[in-house]
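S.K.: Coordinates for the following, if possible.
(4 chains)
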Protein chains: 4
Amino acid sequence: MDKETHIEELKEKVKDFCEKRDWDQFHNIKELAIDLSIEVSELLELFRWQNPEEIKETMKNKREAVEDEVADAMFALLRIAQMNNIDLSEALDKKLEKTAKNYPVEKAKGSIKKYNEF
Amino acid sequence: MDKETHIEELKEKVKDFCEKRDWDQFHNIKELAIDLSIEVSELLELFRWQNPEEIKETMKNKREAVEDEVADAMFALLRIAQMNNIDLSEALDKKLEKTAKNYPVEKAKGSIKKYNEF
Amino acid sequence: MDKETHIEELKEKVKDFCEKRDWDQFHNIKELAIDLSIEVSELLELFRWQNPEEIKETMKNKREAVEDEVADAMFALLRIAQMNNIDLSEALDKKLEKTAKNYPVEKAKGSIKKYNEF
Amino acid sequence: MDKETHIEELKEKVKDFCEKRDWDQFHNIKELAIDLSIEVSELLELFRWQNPEEIKETMKNKREAVEDEVADAMFALLRIAQMNNIDLSEALDKKLEKTAKNYPVEKAKGSIKKYNEF
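M.R.: Numbers count the residues shown, from 1 in each chain, chains lettered A, B, ... in the order given. So this is what the prediction gives:
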């Protein structure tokens, strides 16, 4: 459960899984980014051509497929972080700090414009 | 730090960040998957045309840029999970179980072939 | 102008451009597919978070940027075809024939469902 | 054959195919860019994890699958151009002119560095 699981534990699971299969040799960051890109594309494919109503339908009727693709993406992202010593919590904190500057609440509220277009 | 941070805490941070800006209205899963796809592409772009030697160079000289893109991807993935009640730990466990069946250690060891091509 | 230009002429232009720069060595199909994927993502980025109304706005106000990204994608696709002796006209004809079978007019008309979901 | 086919003819085929199925309503540029992105990803997937030797193998053994994915991408790109009145020949000419300035032969020859890194 996400409430009880440290990010590090997920990284360790992924590491263990890959090392048992001797996959380090294939997993440089470029190949992993390609893999991540393909998996995300498979997620997006589940919603191709769909309008908001149909997206909700898909979430009801194909939830398992959605979660399966999300897990594939999570696997690749964790593996990128683990292989390259990236602390995801720290990276996210930095990102939130930086994004908060580009998208201050008073300007960004209710708008999805890019920060250089406010 | 990843050792001390539960997944749920990261989800909460992302949730809080987006709700303050009233972004729920824009964040259906299709739009978020598009966003995730774009961010992953920006990560991959850092390694475009590069051979293994040059990839290592990039990891040395542009580490900050790499971590920045990884954080963007992490943000989008956490937001997808948070908005759609996906437990990432559980989804990953299921995925590892399934993948372990398709890629048993004795067959997959040292090979990156797709499971239907063993 | 598209009315006067054979596909082959575009391929020749791209070939000439790349050979002058001695780029054949970098342009295997995997690297070109990565490049194409990145360029398409930059096209999609121009419409991120946008609803149909905003998409029309973008087509009015950023037409040059859109055409620029479309051209990048076209370049990569032509280069893939040229380097690998793929006749795009023939490949497209085959594709249309195949797709016509999966999406017969009487079933597909006005529907965007995937063919295995009719 | 690419030597005998004007770009316009391909656009017309794609237009005719889609209009017969009443698909204009689904084909705004954002949805088409998503579709293009998914198709390119399926092309890239054919080369996932592969080294240069294995890429050549794939081109030998799975040429039909490769051409099929290339055709899917071509379809989407032509449809984007056709629906939005983009002249691909002109767009490509502009792109080549612009790229020639950023990558002059004497600097770019034999190098794949980004133009701002020469």
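S.K.: Looks like A:Asp35 contacts A:Ala76 (just checking).
M.R.: Yes. The criterion here is CB atoms under 8 Å, and A:Asp35 meets it with A:Ala76 at 4.9 Å. The way it works is simple: take the backbone N, C-alpha and C, and place the C-beta from them, glycine included.
S.K.: List the single closest residue to A:Gly110 in space, sequence neighbours excluded.
M.R.: Counting by CB to CB, 6 or more residues apart in numbering or on different chains, B:Asp22 is the residue found nearest to A:Gly110 once chain neighbours are left out, at 4.3 Å.
S.K.: and that neighbour, which of the three is it?
M.R.: Here B:Asp22 is coil, with the state taken from DSSP: H, G, I helix; E, B strand; the rest coil.
S.K.: low-scoring stretches of chain A, by residue?
M.R.: By pLDDT under 70, chain A has no low-scoring segment.
S.K.: quick one: the lengthiest helix in chain A near chain D?
M.R.: Longest helix in chain A, counting residues (DSSP state H): helix A:63-83. No. Judged by CB under 8 Å from any CB of the partner chain, helix A:63-83 makes no contact with chain D; its nearest approach is 11.1 Å.
S.K.: Could you confirm whether that helix reaches chain B?
M.R.: Yes. Against chain B, helix A:63-83 shows contacts by CB under 8 Å from any CB at A:66-68, A:70-75, A:77-78, A:80-81.
S.K.: again, but for stretch A:34-51
M.R.: Yes. Applying CB under 8 Å from any CB, one finds stretch A:34-51 in contact with chain B at A:Ile34, A:Leu36, A:Ser37, A:Val40, A:Ser41, A:Leu43, A:Leu44, A:Phe47, A:Gln50.
S.K.: quick one: buried residues of that stretch?
M.R.: Using 16 or more other CB atoms under 10 Å in any protein chain shown as the test for burial, stretch A:34-51 gives A:34-47, A:49-50.
S.K.: thinking again about what came up before, which one of the residues of helix A:63-83 next to chain B is nearest to C:Thr58?
M.R.: Nearest to C:Thr58 out of those is A:Ala73 (CB to CB; 27.3 Å).
S.K.: Using CSV, write down the CA coordinates of stretch A:97-110.
M.R.: Output of stretch A:97-110 as CSV, limited to C-alpha atoms (Å, rounded to 0.1, in the frame of the first residue of the first chain):
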residue,chain,number,x,y,z
GLU,A,97,9.8,24.6,-5.7
LYS,A,98,10.8,25.6,-9.2
THR,A,99,7.3,25.1,-10.6
ALA,A,100,5.8,27.1,-7.7
LYS,A,101,7.9,30.1,-8.8
ASN,A,102,6.9,29.8,-12.5
TYR,A,103,3.2,29.2,-11.5
PRO,A,104,2.5,31.3,-8.5
VAL,A,105,-1.0,30.5,-7.1
GLU,A,106,-2.4,34.0,-7.7
LYS,A,107,-1.5,33.8,-11.4
ALA,A,108,-1.9,30.2,-12.2
LYS,A,109,-5.2,29.6,-10.4
GLY,A,110,-7.7,28.1,-12.7
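S.K.: buried sites along it?
M.R.: Result for stretch A:97-110 [16+ other CB under 10 Å]: buried residues A:Thr99, A:Tyr103, A:Ala108.
S.K.: now do stretch A:59-78
M.R.: Buried residues in stretch A:59-78, counting neighbours by 16+ other CB under 10 Å, are found at A:59, A:66-78.
S.K.: So which bits of chain A are right by chain D?
M.R.: Residues of chain A lying close to chain D by CB under 8 Å from any CB are A:Phe26, A:Glu31, A:Ile34, A:Asp35, A:Ser37, A:Ile38, A:Ser41, A:Glu42, A:Leu44, A:Glu45, A:Arg48, A:Trp49.
S.K.: Skipping its backbone neighbours, what lies nearest the fifth one in space?
M.R.: Right, the one you point to is A:Ser37. Take A:Ser37 and drop its neighbours on the chain: the residue closest to it by CB to CB, 6+ apart is B:Val40, 4.8 Å away.
S.K.: helix/strand/coil for the one you found?
M.R.: Quick answer, by three-state DSSP: B:Val40 is helix.
S.K.: so it sits right up against A:Leu36, yeah?
M.R.: Yes. Assessed by CB under 8 Å, B:Val40 is found in contact with A:Leu36 at 5.2 Å.
S.K.: Which neighbours do the two have in common?
M.R.: Listed as contacting both B:Val40 and A:Leu36 by CB atoms under 8 Å, 6 or more residues apart in numbering or on different chains are B:Ala73.
S.K.: circling back: what residues does the residue nearest to A:Ser37 make contact with?
M.R.: Going by CB under 8 Å, 6+ apart, B:Val40 touches A:Ala33, A:Leu36, A:Ser37, A:Val40, B:Glu69, B:Ala73.
S.K.: returning to what we had before: is it true that the residue nearest to A:Gly110 touches A:Ile112?
M.R.: No. Contact between B:Asp22 and A:Ile112 fails when scored by CB under 8 Å: they sit 9.7 Å apart.
S.K.: between the two, who's got more neighbours?
M.R.: A:Ile112 (18 against 14; other CB atoms under 10 Å in any protein chain shown).
S.K.: my guess is the more buried one is in a helix, correct?
M.R.: No. Assessed with three-state DSSP, A:Ile112 is coil; it does not lie in a helix.
S.K.: Need phi/psi at it.
M.R.: phi -120, psi 10 (degrees, to the nearest 10).
S.K.: which parts of chain A sit against chain C?
M.R.: A:Ile34, A:Ser37, A:Trp49, A:Ile112.
S.K.: Take those and lay them out in TSV including distance to A:Ile55 and secondary structure.
M.R.: What follows is these, written out as TSV (distance: CB to CB, whole Å; DSSP: H, G, I helix; E, B strand; the rest coil):
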residue	distance to A:Ile55	secondary structure
A:Ile34	27	helix
A:Ser37	22	helix
A:Trp49	10	coil
A:Ile112	17	coil
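S.K.: Which member of these is positioned nearest D:His6?
M.R.: When those are compared for distance to D:His6 (CB to CB), A:Trp49 wins out at 29.3 Å.
S.K.: Quick one: residues contacting that closest one.
M.R.: Contacts of A:Trp49 were listed using CB under 8 Å, 6+ apart, and they are C:Ile112, D:Phe26, D:Glu31, D:Asp35.
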